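Colleague: just to be clear, the model below is a prediction. Sequence and coordinates:
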Amino acid sequence: MSAVLVHGEPLAELPPDLYIPPDALEVILESFAGPLDLLLYLIRRDNIDILDIPIAEVTRQYMAYVEVMKAIKLELAAEYLVMAAALAEIKSRMLLPRPQTEGAEEEDPRAELVRRLLEYEQYRAAVERIDARPQLGRDFWAAGIGTEGLDQERPVPEVSLEQLLDALRGVLMRADAFAHHRILREPLSVRERMTRILETLRPDGFTEFAHLFDAGEGRLGVVVTFLAVLELVRESLISLVQNEPFAPIHVRSCA
Amino acid sequence: MSEMQLKDIVYAALLAAGEPLTLDRLGALFDEDVRPDREVLRAALGELEAALATGPVELQCIDKAYRLQTRIAFAPWLRRLSAERPPKYSRATLETLAIIAYRQPVTRGEIEAIRGVAVSSEILKTLMQREWIRQVGTKEVPGRPALFGTTRVFLEYFSLTSLADLPPLADLRAERIPGETADDTPEDAGAVAADGDAEQAAVTEEAAGPQPPVADE
Amino acid sequence: MSEMQLKDIVYAALLAAGEPLTLDRLGALFDEDVRPDREVLRAALGELEAALATGPVELQCIDKAYRLQTRIAFAPWLRRLSAERPPKYSRATLETLAIIAYRQPVTRGEIEAIRGVAVSSEILKTLMQREWIRQVGTKEVPGRPALFGTTRVFLEYFSLTSLADLPPLADLRAERIPGETADDTPEDAGAVAADGDAEQAAVTEEAAGPQPPVADE
């Protein structure tokens, strides 16, 4: 049986059920939500009695996983190492002879860990049940219908900029998924100016090209306007007309 | 009301409201002198529920407010109404949500202690953006950390009548450790639902119950 | 479809959609190999209309799209439905607004191409009524579609001096989408956000504790 190589380095010790391609391994290891999750996995996988954990063996397996995570350079939360230290400490305390004090029994060094594992496991199970519940927009939808013509006095919805951007992020993710739409070609200032220019153009008739510019805006403003005009022409939204060389240029909406 | 049936008015109102309606709000649809009392409204809701039994919509009570929702059996078709797939939440996010739901009001530190790993701000932000959780206060300890609790939107999203509807935490341990009493039922949650403000009210369940017995050898 | 009746699926879809549905969108709820054709869908809509005849809801067809509405006879009661919570715009509405803001002047067809789904007239109407968008011209292509742009009211509402104040699209893309990715990373590790002030100050979150900018790896 050949050793599993990770980044060209053979791993010294692997848990017996770890003969999986490193890619898949990464997915598995990433799926642990934390050190407690990993520990519980090890315990439940081997049908270990959680109230009587063979701490040396579990620690060995735990460390093997942590080593693999390190080796494939998974971003390893510091808590994994804290847990490793805690396990080592419990292991050493288990080796010490227990002082026989009369009456009260000495607490098992594993007690605190067991308590945490059991508590965490409860919530881990709760997650599955919560996730299995019917969810709005996945399993059921709120039923609603139009109220046109009711002239209710309804407050208008409030929207935060963050909500707006969040909606856009959703669009971008989808757009990335099915095609590469070039949603934005020009800087926003240019697109905004395009809108303004369309607004100022009289629906019928010509507007003098120079009137589109406002010298008060400075050079940058003039450049933005000029780019906007070019873009509008390119998109066939306006046309430029010049009757003869050096005559005034006029802009006409194509609409 | 004359020929118009109370049941139909309630049906129309629930559909038009776009949000769950309490008995009070249903009553407010009527002039005071003809306003049906809560019992009559409840009866009308019962009638409506029966009338809807064969249709694609069902009546659901959320924190003492009523709403109509499509039956789960229709999900395969309705999922295609939207181009977006329903969001999938990471285990870490759901664990955080579960701990807040069962242990509220709870601080970030307490959540981290249970999960054994840091709770990223991103997770809390996601849950707040969904309006599933909110800050319900601050804990009077050094640093005055924020206390989090679930909201009515959380109940609405998971179709929960109240927090008491959450699957009890105890079940699990009962399975695993024969002989230990199931003692974790969030029974207080029922009372919470009764006081009308489940949004704030906490499931005042004592930590995770008694400590499991530890075997000694 | 088996036991599920087409009429009920159509009813559920109209109730869940929250916007008028065309025959095409109704058809799209089904897998291609079992997709009912337009005649069958029309027949189901007819059946639904008949079934609703005695209730408070009626089916309407406006501009080749179907939608449900409360019968006018119920208006006296429904007028008193004042919203407790301010209503919300649908995701579709917000997406449409965002695309118009970033891509103006833009036609409905272009918005649809970006969103990947149809944009209902309702949505555009809503945004126009709010005076956040307006028609700024028509495009010289077959059909002469309207071009939409945002208004000053839009800028004022979102406290923007100009559209250039909106964060660049590239920054939005770079941000991690909450809930989509493993989010367990202790944020201290990645607090060096690549996009510094791109996380605009307008991100109004009431989360407790300091919120580091979203780390992007």
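Modeller: Okay, I see it. Residues are numbered from 1 along each chain as shown, chains lettered A, B, ... in the order given.
Colleague: CA atoms for contacts and neighbours, from now on please.
Modeller: Will do.
Colleague: mind checking pLDDT for residue B:76?
Modeller: At residue B:76, the pLDDT value in this model is 92.
Colleague: beta-bridge partners for residue 146, please?
Modeller: Because you didn't say which chain, this covers chain A. The residues paired with residue A:146 through beta bridges, assigned by DSSP bridges, are residue C:69.
Colleague: wrong chain, I was asking about chain B
Modeller: Here residue B:146, judged by DSSP bridges, has bridge partners residue B:138.
Colleague: ok, it - how many residues close by?
Modeller: Per other Cα atoms under 10 Å in any protein chain shown, the neighbour tally for residue B:146 reads 21.
Colleague: repeat that for the one 3 residues further on.
Modeller: Summarising burial for residue B:149: neighbours were counted as other Cα under 10 Å, giving 28.
Colleague: repeat that for residue A:244.
Modeller: A total of 8 residues lie near residue A:244 under the criterion other Cα under 10 Å.
Colleague: that one and residue A:212, how far apart?
Modeller: Shown here: residue A:244 relative to residue A:212, a distance of 20 Å by Cα to Cα, to the nearest Å.
Colleague: mind pulling up the pLDDT for residue 62?
Modeller: Using chain A. The pLDDT attached to residue A:62 in the predicted structure is 93.
Colleague: try chain B instead
Modeller: We note a pLDDT of 94 for residue B:62 in this prediction.
Colleague: what's opposite it in the beta bridge?
Modeller: According to DSSP bridges, the partner residues bridging residue B:62 are residue B:65.
Colleague: next, count neighbours for it.
Modeller: Taking other Cα under 10 Å as the criterion, the count of residues near residue B:62 is 23.
Colleague: who's in contact with it?
Modeller: Going by Cα atoms under 8 Å, 6 or more residues apart in numbering or on different chains, residue B:62 touches B:20, B:152, B:155-156, B:159-162.
Colleague: pLDDT weak spots in the chain?
Modeller: All of this is about chain A. When the per-residue scores of chain A are filtered using pLDDT under 70, the ranges that remain are A:1-25, A:98-106, A:147-155, A:175-187, A:255.
Colleague: my question was about chain B, not that one.
Modeller: The model of chain B has pLDDT under 70 over residues B:1-3, B:170-217.
Colleague: residue ranges of each domain in it, please.
Modeller: As given by automatic domain parsing, the domain ranges for chain B are B:3-80, B:88-208.
Colleague: where do the strands sit along the chain?
Modeller: By default, I'm working from chain A. Taking DSSP state E as the criterion, chain A contains strands spanning A:5-6, A:9-10, A:206-208, A:238-241, A:250-253.
Colleague: chain B is the one I meant
Modeller: The residue ranges that make up the strands of chain B, judged by DSSP E, are B:21-22, B:57-62, B:65-70, B:106-107, B:133-138, B:146-150.
Colleague: comparing those strands, which comes out most buried?
Modeller: For the strands of chain B, ranked by mean neighbour count under the definition mean count of other Cα atoms under 10 Å in any protein chain shown, the leader is strand B:146-150 at a mean of 26.
Colleague: so which elements touch that one?
Modeller: Counting contacts by 3 or more Cα pairs under 8 Å, 6 or more residues apart in numbering or on different chains; DSSP states H and E, strand B:146-150 is packed against helix B:91-103, strand B:106-107, helix B:108-115, strand B:133-138.
Colleague: residue A:206 against residue A:252, yeah?
Modeller: Yes. Applying Cα atoms under 8 Å as the test, residue A:206 and residue A:252 come out as touching, 4.9 Å apart.
Colleague: mind checking which of these two has more residues around it?
Modeller: Neighbours per residue (other Cα under 10 Å) separate residue A:206 from residue A:252, with residue A:252 holding more: 21 against 16.
Colleague: that one pairs with what?
Modeller: Counting by DSSP bridges, the residues bridging with residue A:252 are residue A:206, residue A:239.
Colleague: quick one: residues contacting it.
Modeller: For residue A:252, the residues meeting the contact criterion (Cα under 8 Å, 6+ apart) are A:201-202, A:204-207, A:238-241.
Colleague: how does it look with 10 Å?
Modeller: For residue A:252, the set of contacting residues under the criterion of Cα atoms under 10 Å, 6 or more residues apart in numbering or on different chains consists of A:198, A:201-209, A:237-241.
Colleague: ok, now residue B:100?
Modeller: Here residue B:100 is in contact with B:94, B:106-108, B:110-111, B:132-134, B:147-150, B:202-203 (Cα under 10 Å, 6+ apart).
Colleague: what's the answer for residue A:110, then?
Modeller: Residues A:51-55, A:86-87, A:89-91, A:93-94, B:214-216 are the ones in contact with residue A:110 under the rule Cα under 10 Å, 6+ apart.
Colleague: go on, residue A:62?
Modeller: Each residue near residue A:62 by Cα under 10 Å, 6+ apart is listed here: A:15, A:35, A:38-39, A:41-42, A:56, A:80, A:83-84, A:87.
Colleague: tell me the buried residues within the residues you listed.
Modeller: In the contacts of residue A:62, burial by neighbour count holds for A:35, A:38-39, A:42, A:80, A:83-84, A:87, counting by 16 or more other Cα atoms under 10 Å in any protein chain shown.
Colleague: hang on, the earlier thing: which neighbours do residue A:206 and residue A:252 have in common?
Modeller: Taking Cα under 10 Å, 6+ apart as the contact criterion, the residues that touch both residue A:206 and residue A:252 are A:239-241.
Colleague: hmm, back to that, and which of the buried ones among the contacts of residue A:62 is nearest to residue B:141?
Modeller: Each of the buried ones among the contacts of residue A:62 was scored against residue B:141 by Cα to Cα, and residue A:83 proved nearest at 26.4 Å.
Colleague: nearest spatial neighbour of the closest one, chain-adjacent residues omitted?
Modeller: The shortest distance from residue A:83 to any residue that is not its chain neighbour, by Cα to Cα, 6 or more residues apart in numbering or on different chains, is 6.6 Å, and that residue is residue A:35.
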